[in-house]
Every structure is written in structure tokens, then in C-alpha cells.
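Asker: Structure for this input, please:
(one chain, ligands or ions: 3)
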Amino acid sequence: MKIKAAVFYEPGVPFQVEMLELAAPQAGEVLVKVAAAGVCHSDWHLMTGATRHVTPVVPGHEGAGVVVQVGEGVSRIRVGDHVALNWAPSCGRCFYCLNDRPSLCAAYIGPLWAGTMMDGTTRLSHNGQPVYHFSALACFAEYVVVPEPCCIPLPQEVPLPIAALIGCAVTTGVGAVLNTARVKPGSTVAVYGAGGVGLSIIMGAKLAGASQIIAIDTNKTKADLARQFGATHPLLASRDTTAAIRQLTEGRGADYVFEAIGLPQVQEQCLEAARPGGMVVLVGVSPMGSGTNLPGAIITRQEKTVTGSYYGSANTARDFPLYANLYRAGQLPLDGLVSRTYSLEQINEAYADMLTGHIARGVILFP
Ligand SMILES: NC(=O)c1ccc[n+]([C@@H]2O[C@H](COP(=O)([O-])OP(=O)(O)OC[C@H]3O[C@@H](n4cnc5c(N)ncnc54)[C@H](O)[C@@H]3O)[C@@H](O)[C@H]2O)c1
Ligand SMILES: [Zn+2]
Ligand SMILES: [Zn+2]
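Answerer: Ligands and ions are numbered 1, 2, ... in the order given. Next up, the predicted model:
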């Protein structure tokens with residue numbers, strides 16, 4: 001079938017909206033009509049060259065839609081299901097899946113980074129040449145073909161734009177708090193970066209019962225947004241940020257410090273902002289090949305823990321429905337996260353708005 005999709009060719013060249021060919025789902029694959037796709041910074045890392053990927057590629061990895069066709073052997077998903085798309089499919093059988101770390105699944109990681117399906121081929125093409133799938137999803141497109149584990153059914157009462165955000169920002173942010181850090185009630189939390197991911201960390205920290213949530217951003221608009229999602233102390237980033245965090249935490253530093261930007265120099269500040277015995281959680285994706293200078297002597301003597309958090313250490317089949325239920329119960333105010341919607345043709349404008357930082361999350365809607 002012919003579909004409209006946004007294509008990435010090379011860093012610095014705007015996304016091109018083009019007609020592509022999408023082949024039918026093969027065994028174990030599902031065809032989904034995309035309803036909404038979130039504008040996450042991880043796709044933008046392609047544009048700056050911070051993340052390198054085989055091209056041409058259709059980006060988009062925060063999506064939701066309705067199942068229209070299933071391939072042979074698909075048993076869990078039915079036509080008509082509303083699904084949030086999972087960008088880290090897992091096999092259920094490898095070492096990581098068996099040890100409750102499905103976001104690290106070893107079976108899918110190769111094809112995922114090769115931009116293909118499990119058989120090493122793409123379903124997307126243009127004039128007979130392959131077009132690659134970003135993170136198994138490629139959902140800046142009217143339709144997607146994805147492996148079955150990418151489809152997580154959600155109740156139809158959950159609006160599809162909300163389901164889309166559960167597909168990345170929410171699961172990444174809330175999961176970093178609940179699954180990776182396991183923030184204890186009453187703790188102090190600092191969050192650097194209040195974009196879609198950082199705001200989700202703030203929501204997660206509130207849900208976990210943090211007594212103080214300090215949100216740091218370079219953008220003044222984000223301070224107001226952060227407060228709306230539960231930050232108790234929004235701060236404008238400055239040279240004195242670490243001192244301000246210490247002052248707010250009886251001179252110690254925060255119990256948990258989250259980095260949701262992806263800048264090595266900010267990751268370094270996070271270590272200073274964490275108290276002795278505290279934890280630094282790196283959620284932002286820094287450029288491939290970059291290094292972060294974290295002094296080992298401080299980590300040792302002050303027993304600080306530094307950990308990464310990938311997709312909120314999620315088990316998506318368990319966590320997507322959990323977050324959907326918390327949303328329906330009014331405990332995750334996800335409606336406020338969707339601050340502006342766009343058509344696919346406006347994708348470059350949507351990314352420009354993300355970069356100016358005046359919006360929480362932009363969402364592309366498909367008619
Ligand atoms: N770990 C994961 O699994 C995962 C998943 C999704 C996204 N990410 C990454 O998380 C990061 C954030 O994604 P997002 O979609 O929320 O991005 P975003 O662009 O919406 O938000 C980033 C925020 O950081 C702020 N910022 C920029 N420089 C700053 C600085 N020096 N100090 C303080 N604030 C600063 C911006 O003003 C903005 O509000 C990206 O690196 C993205 O790739 C990681
Ligand atoms: Zn994302
Ligand atoms: Zn696995």
C-alpha cells in the first residue's frame with residue numbers, strides 16, 4: 001500500500017514528507033493505522049548527528065493507533081485493538097527477558113538498530129529501494145508494520161494521543177522513578193530538563209510521594225509547566241544550581257537526581273547535586289561517542305550510585321496498562337502533556353517548537 005511518511009536522510013536536512021510503499025505484515029507482524037505520534041527528542045538526535053542510523057529512515061517511536069491487519073501466527077493482537085506502540089520489543093526468552101529486564105532484550109537489539117524487521121528486511125520502500133524503520137516503529141507515518149510485541153493493547157477509553165505518550169515519554173519518565181530508582185516516599189528529587197520526559201519524571205516523583213521535587217530547566221516557560229505537574233521548586237538553570245539544590249536539602253544534596261536532557265556537562269553537575277549515598281539516574285541520551293567525566297573518588301568515598309535508565313526499565317506489557325489506569329484514575333495528569341497538535345506536514349515546525357521549549361509535548365495527529 002502507498003502511505004505518507006516523514007523521511008530522514010541526513011543530519012541538517014529537514015524531515016521530508018513523502019509517499020512510500022508499505023508491504024503487508026509477514027508472520028508475527030501487525031499492520032497498525034497510526035492515530036497519533038509524539039514529538040520526542042530522541043528522533044531529533046538523528047538530525048544533529050548525535051545518534052547515527054542507517055538511512056533513509058522513517059523516524060517516530062512514540063505512537064498509538066488501531067490494528068487493521070495481523071500476519072500469520074499473531075495470537076495476542078486482534079484487528080480493531082487500540083494499541084500503544086512499544087519501541088523496545090522483547091522476546092520473553094533471552095537472558096534479559098528471563099531476568100526481568102525486557103527493555104534490554106538481546107533478541108531484538110540487532111534488527112532494531114539495523115532498522116529492519118526480525119528477518120533483516122524492511123517493509124518500507126521507495127522506488128524499490130529499502131527505507132528503514134526507526135526503533136522498530138517508524139510511526140511518523142500513516143500506517144506501520146511492526147513486530148507483534150510492539151503492540152500493547154489499551155482500553156478504548158484512553159485517548160490515542162495519550163496512549164502515544166505512554167509509548168515513550170511517560171513510560172521513560174515515570175518508569176525511571178518507579179522501576180529504576182524506586183524513589184521512596186518522603187525523598188527529595190531533582191530533575192534536570194523539563195521536556196516531555198522530565199515532566200513525566202516529575203509526575204512519577206509526585207506519585208512516589210517525594211517531599212520535594214526540584215525542577216531545573218534553561219527555559220522559563222518550563223518552570224511554570226513543571227509546577228503544574230508537581231514540581232515544588234522550579235529553578236532556572238544557572239551556575240548556582242547545585243548550591244540552590246543543596247540549600248533546599250539542608251546542605252546535603254538531593255536523594256535522587258535525574259538527568260533528562262542528554263548533556264555530559266549536566267550529567268556531571270548531577271553527581272554534585274546528589275547527596276552522599278544518593279543516586280544519579282541518567283535518562284537523557286548523550287551523543288554517541290561522547291564521554292562524561294564522573295570523578296570515581298567521589299563516587300567511592302560518598303557512596304553515590306550512578307545508573308542509566310532505558311525506557312524506564314519497563315516491562316511494557318505490565319507498565320503501559322498500569323500508566324493508562326493511573327491516568328484514568330486521575331493520578332497521572334497526562335492531558336496537560338499534550339500542549340499542541342500538528343499534521344504530519346508540520347513535522348519540522350513541531351520540532352522547532354520542541355527546541356524553543358514553549359510546549360510540554362507536541363503530538364502529530366493523523367486524520
Ligand atoms: N532513556 C530513555 O529511554 C529515553 C527515552 C526517551 C527520551 N530520552 C532522552 O531524554 C532526553 C529528553 O527528551 P525530551 O523528549 O523530554 O526532550 P525535550 O527537548 O522535550 O526536553 C529537554 C528539556 O531540557 C531543557 N534543557 C536543555 N538544555 C538544558 C540545560 N543545559 N539545563 C537545563 N535544562 C536544559 C530544555 O529546555 C527542554 O525543556 C533526550 O535526550 C531524549 O533522547 C531517553
Ligand atoms: Zn522517545
Ligand atoms: Zn528477550
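Asker: and this protein, which residues reach ligand 2?
Answerer: Contacts of the chain with ligand 2, taken as Cβ under 5 Å from the ion, map to 40, 42, 62, 168. In this view, the C-beta of every residue, glycine as well, is placed from N, C-alpha and C.
Asker: same thing but 6 Å
Answerer: Proximity of the chain to ligand 2 is confined to 40, 42, 61, 62, 168 under the rule Cβ under 6 Å from the ion.
Asker: farthest-separated two in the residues you listed?
Answerer: Spanning the widest gap among the residues of the chain next to ligand 2 are 42 and 62, at 8.4 Å by Cβ to Cβ.
Asker: Let me see the mean pLDDT of stretch 76-89.
Answerer: Mean pLDDT, stretch 76-89: 98.
Asker: Stretch 21-35 now?
Answerer: 98.
Asker: how about the residues of the stretch 51-200 of the chain near ligand 1?
Answerer: 168, 172, 192, 193, 194, 195, 196, 197, 198 (Cβ under 6 Å from any ligand atom).
Asker: just these now: which is nearest residue 300?
Answerer: residue 192 (23.3 Å).
Asker: Which strand residues bridge that closest one?
Answerer: residue 216, residue 259 (DSSP bridges).
Asker: Contacts only, for it.
Answerer: Residue 192 sits next to 198, 216-217, 237, 257-261, 266, 269-270, 284 when contact means Cβ atoms under 8 Å, 6 or more residues apart in numbering.
Asker: Phi and psi next, for the nearest residue to residue 168 once chain neighbours are set aside.
Answerer: Spatial nearest neighbour of residue 168, excluding adjacent residues (Cβ to Cβ, 6 or more residues apart in numbering): residue 62 at 3.6 Å. When read as degrees, to the nearest 10, the backbone of residue 62 gives phi -130, psi 80.
Asker: Around residue 62, how many other residues sit close by?
Answerer: Counted by other Cβ atoms under 10 Å, the residues lying close to residue 62 total 32.
Asker: Also residue 300?
Answerer: Neighbours of residue 300 (other Cβ under 10 Å): 9.
Asker: residues in contact with the one helix or strand it maps to?
Answerer: Under the criterion of DSSP states H and E, residue 300 resides in helix 296-301. With contacts defined as Cβ under 8 Å, 6+ apart, helix 296-301 is touched by 271, 304, 306.
Asker: and the residue of the stretch 201-350 of the chain nearest ligand 3?
Answerer: residue 315 (11.3 Å; Cβ to the ion).
Asker: you'd agree that residue is up against residue 104?
Answerer: No. Here residue 315 lies out of contact with residue 104, judged by Cβ atoms under 8 Å, at a distance of 11.2 Å.
Asker: Give me the domain ranges for this structure.
Answerer: Per automatic domain parsing, the domain ranges recorded for the chain read 2-153+333-365, 173-310.
Asker: Is it possible to get a markdown table of those domains that adds distance to ligand 3?
Answerer: Converted to a markdown table, the domains of the chain look like this (distance: least, Cβ to the ion, whole Å):
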| stretch | distance to ligand 3 |
| --- | --- |
| domain 2-153+333-365 | 3 |
| domain 173-310 | 14 |
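Asker: Can you lay out the ones you listed as TSV showing distance to residue 162?
Answerer: Output for the domains of the chain, formatted as TSV (distance: least, Cβ to Cβ, whole Å):
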stretch	distance to residue 162
domain 2-153+333-365	5
domain 173-310	12
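Asker: what sits against the residue of the stretch 101-250 of the chain found nearest ligand 2?
Answerer: Residue nearest to ligand 2 within the stretch 101-250 of the chain: residue 168 (3.3 Å; Cβ to the ion). Contact analysis of residue 168 by Cβ under 8 Å, 6+ apart lists 38, 40, 42, 61, 62, 87, 196, 311.
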